[in-house]
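*Asks:* The following block contains a protein sequence and its predicted model.
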Amino acid sequence: MQSIELGKTGEKLSEIGLGTWMLSSNEQMEIEALRTGFDSGINFVDTAEMYGTEPIVGKAVAGREGLFVATKVSPTHFRYDDVIRACDSSLRRLGIKAIDLYQLHWPNKNVPIEETMRAMEKLVEDGKIRHIGVSNFSAGELQEAQAALKKNEVVSDQVEYSIVVREVERDLLAYCKKQRVSIIAYSPLVHGRLFDSKYAPLAALLSKIGRRYGKTAAQVAINWLICKSNVIPIPKASSKDHVKELVGSTGWRLKSHDLSELDSFLSSYRRRPLSRFVKPALNSHPAVTRVLTWLGSLHAKK
């Protein structure tokens, strides 16, 4: 599988990773799906304490070398001591000695970013994490996060990005490319709704283009993201068969005329990202974050 550099770190990640948000309740099936991806050359897996899937990821990566594990700290844990404790808890659930990429899950305007980043740099210094990232940060919020760091750099911003959800293209994509900050694209298949009836004409076009390459519509949609430099899609690893299909989206590239055909068609398909609705709620009502983190912790204990 082809690889892509994470930011300016020199780390080589597979050109797609595996996401673990909202997996099913079948733990063994989830572990087998992740391991199928690893066996196929995917070396990057992403989770979060809020997801409640860190124990599943820990079991899937156990005994394997060369994998790159990313997780996230919930915004309700952005105070200095809370960041340290949250990291220790994630390390325990994952069963690893160091987190490769530790990300701030959502911006939290109620805690100074300088305090949070001071804790993140302490974790790097102590060898508990290797790289610092953010998630759901706008270009302006990303700049603030970068400015708050003294010794390290923000290497990635994980945001919702798909052939339908393209708000990242307004300014964040160009900014990250210029700064060599990787975009990690979650929900690249629109939370599984890319093939709902409302997107039927788009799905038909993806299928038509896919036939030219012997690929499915989903594989074309993910490859469209891969063709954007500096972007690493992380589709959900829901089953072994699904992961095998995801792997088929790698190792090739859509031709320029197919990309142009898609881009010209996409002007009528634009959906707002989840962050447009979640971020205001998290910042106005911190209890929302506490509830989400608590629910994740319950799932993790199952």
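*Replies:* Happy to help now that I have it.
*Asks:* can you count the residues close to Tyr199?
*Replies:* Applying other CB atoms under 10 Å, we find 18 residues neighbouring Tyr199. All C-beta spots, glycine's among them, are computed from the backbone N, C-alpha and C.
*Asks:* Do a quick rundown of the strands in the stretch 1-150 of the chain.
*Replies:* Listed in chain order, the strands of the stretch 1-150 of the chain (DSSP state E, counting those that start in this stretch) span 3-5, 12-14, 44-46, 68-73, 99-104, 129-135.
*Asks:* Mind putting those into TSV with mean pLDDT, mean neighbour count and distance to Gly52?
*Replies:* Listed next are the strands of the stretch 1-150 of the chain as TSV, based on pLDDT from 0 to 100; neighbours: other CB atoms under 10 Å; distance: least, CB to CB, whole Å:
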stretch	mean pLDDT	mean neighbour count	distance to Gly52
strand 3-5	96	15	28
strand 12-14	98	20	24
strand 44-46	98	27	14
strand 68-73	98	26	12
strand 99-104	98	25	16
strand 129-135	98	24	16
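*Asks:* Save those as JSON lines, and put in distance to Ile234 too.
*Replies:* Compiled in JSON lines, the strands of the stretch 1-150 of the chain are given as follows (distance: least, CB to CB, whole Å):
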{"stretch": "strand 3-5", "distance to Ile234": "12"}
{"stretch": "strand 12-14", "distance to Ile234": "10"}
{"stretch": "strand 44-46", "distance to Ile234": "5"}
{"stretch": "strand 68-73", "distance to Ile234": "9"}
{"stretch": "strand 99-104", "distance to Ile234": "11"}
{"stretch": "strand 129-135", "distance to Ile234": "11"}
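*Asks:* Ala145 is nearest to which of those?
*Replies:* strand 129-135 (5.4 Å; CB to CB).
*Asks:* how about low-confidence regions in the chain?
*Replies:* Counting by pLDDT under 70, the ranges of the chain that qualify are 24, 268-302.
*Asks:* Quick one: the helices in it, in order.
*Replies:* Secondary structure of the chain (DSSP state H): helices at 27-39, 54-61, 80-94, 113-125, 139-147, 172-179, 200-213, 217-226, 240-247, 256-265, 275-284, 286-301.
*Asks:* Skipping adjacent residues, who's closest to the residue with the largest distance to the centre of the chain in space?
*Replies:* Going by CA atoms, centre = their mean, the residue of the chain most distant from its centre is Arg212, 29.1 Å out. Once flanking residues are discounted, Arg212 sits nearest to Asp258: 7.1 Å by CB to CB, 6 or more residues apart in numbering.
*Asks:* Burial check on the one you found, number of neighbours?
*Replies:* Counted with other CB under 10 Å, Asp258 comes out at 20.
*Asks:* how many neighbours does Leu149 have?
*Replies:* Leu149 has 17 nearby residues by other CB under 10 Å.
*Asks:* Pop out the phi and psi values for it.
*Replies:* The phi and psi torsions at Leu149 (degrees, to the nearest 10) take the values phi -90, psi 140.
*Asks:* how close does it sit to Val134?
*Replies:* 11 Å (CB to CB, to the nearest Å).
*Asks:* circling back to that earlier point, out of the strands of the stretch 1-150 of the chain, the one nearest Ser239 is which?
*Replies:* strand 44-46 (15.4 Å).
*Asks:* The closest one: how far from the chain's middle?
*Replies:* 8 Å (CA atoms, centre = their mean, to the nearest Å).
*Asks:* can you list contacts of it?
*Replies:* 13-14, 16-20, 34, 37-38, 57, 60-61, 67-71, 158, 184, 186, 232, 234, 237 (CB atoms under 8 Å, 6 or more residues apart in numbering).
*Asks:* Could you rerun that using 6 Å?
*Replies:* 13-14, 17-19, 57, 68-70, 234 (CB atoms under 6 Å, 6 or more residues apart in numbering).
*Asks:* What of stretch 72-83?
*Replies:* 48-50, 86, 103, 105-106, 108, 111, 115-116, 119, 135, 289-290, 293.
*Asks:* Over to stretch 232-248 now: how far is its first residue from its last?
*Replies:* Chord length of stretch 232-248, first to last residue, is 15 Å (CA to CA, to the nearest Å).
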